[in-house]
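>>> Here is the input, now give the coordinates:
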Amino acid sequence: MPEWLEVVWRTLCAVVVLFLLTRLLGKRQVSQLSLFEYITGITIGSLAAYISLDLESTWYLGLISLVVWVAVSLGIEYLQMKSKTARDWLDSKSTVLIKDGKVLEDNMKKERLTSDELLEQLRSKNIFKVADVEFAIIEPNGGINVLLKKENQPLTPSHLGIKVGPEKEPESVIMDGNIMDEPLSRLGLNRGWLFTELEKLGVAIENVYLGQVDAYGQLYVDLFDDQLIVPQPQQKASLLAQLKKCEADLEMFGLSTDDAQAKWMYEQCSKELDTVIDGVKPLLIR
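Take a look at the predicted model:
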């Protein structure tokens, strides 16, 4: 066999074996790596190159070494899952870098981290003042996680005592102009409903690049032609407006009548409707 053909054959074998073994190791090998996983990744890559190009050696010995490295890595990962001590020894522990807005210089030296590197990591999280930070911790994989002080955290509905509806995963019912029947059936819908909603929006199915239905049955579409503007669904906003109008009408009826019993009835109905509106409003203001 010509040498160039042997190199091609060995490279293809190495790629296939490396892919299968990497799949076996799992997603951690392609995310942020721990110290041992970093060493393992470098070694496996070097062995794969050796298998491909070293024509004078027995190539299957490289595969054996590759399998041994993967087996050792799997064994260490299993040990880490079973033992907290092993995790701390192999991956080390998290280290606090900032506490109550003050940089802990001894911990910075321990992690061999400069102030410039720390500030760079903070800026990547849109934090420009160390004094705004409650805690900053460097994780075993080298990433830095930050907790802002309470007064510097973004305002959320929970801070205002506002309840919002739960967020559920939308279902993609149209992809590349093709209808996806399985997601439709999971939502309890059908093609007839889909065509009706598309007609309301004034678009044809073949013009839709992506269509998604949220948990409340509203269809959102993205068209192939980005110059076209599709109106957003307004059913929920319209329903909320109608409920408020009904409440206002009941209050007006109560003020305009001279009958005491009717006035009391209108006022009670208005109060009950107001309670209903408060209950459904988190679902209708999304």
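>>> So which residues of the protein form strands?
Assigned by DSSP state E, the strands in the chain fall at 95-99, 102-103, 133-138, 144-148, 171-175, 178-179, 208-213, 219-223.
>>> residues contacting residue 146?
By CB atoms under 8 Å, 6 or more residues apart in numbering, the residues touching residue 146 are 98, 122, 125, 127, 133, 135-137. All C-beta spots, glycine's among them, are computed from the backbone N, C-alpha and C.
>>> Could you identify the most distant pair in the residues you listed?
Farthest apart among those by CB to CB are 127 and 137. That separation is 13.7 Å.
>>> worst average pLDDT in the strands of the chain?
Lowest mean pLDDT within the strands of the chain: strand 219-223, at a mean of 86.
>>> partner strands of that strand, parallel or antiparallel?
For strand 219-223, the paired strands and their directions (DSSP bridges) are strand 208-213 (antiparallel).
>>> how big is the angle separating the partner strand from strand 171-175?
Relative orientation of strand 208-213 versus strand 171-175 (axes from the mean of the first three to the mean of the last three CA atoms, to 10 degrees): 160 degrees.
>>> Can you point out the buried residues in strand 208-213?
With burial defined by 16 or more other CB atoms under 10 Å, the residues of strand 208-213 counted as buried are 208, 211-213.
>>> what about it, distance to the chain center?
Distance of strand 208-213 from its chain centroid, counting by CA atoms, centre = their mean, to the nearest Å, is 20 Å.
>>> which outside residues touch that strand?
170-177, 183-184, 187, 189, 194, 198, 219-224.
>>> Out of those, which end up buried?
170-171, 173-174, 183-184, 189, 194, 198, 219, 221, 223.
>>> Farthest pair within those?
Farthest-apart pair in those is 189 and 223; separation 20.7 Å (CB to CB).
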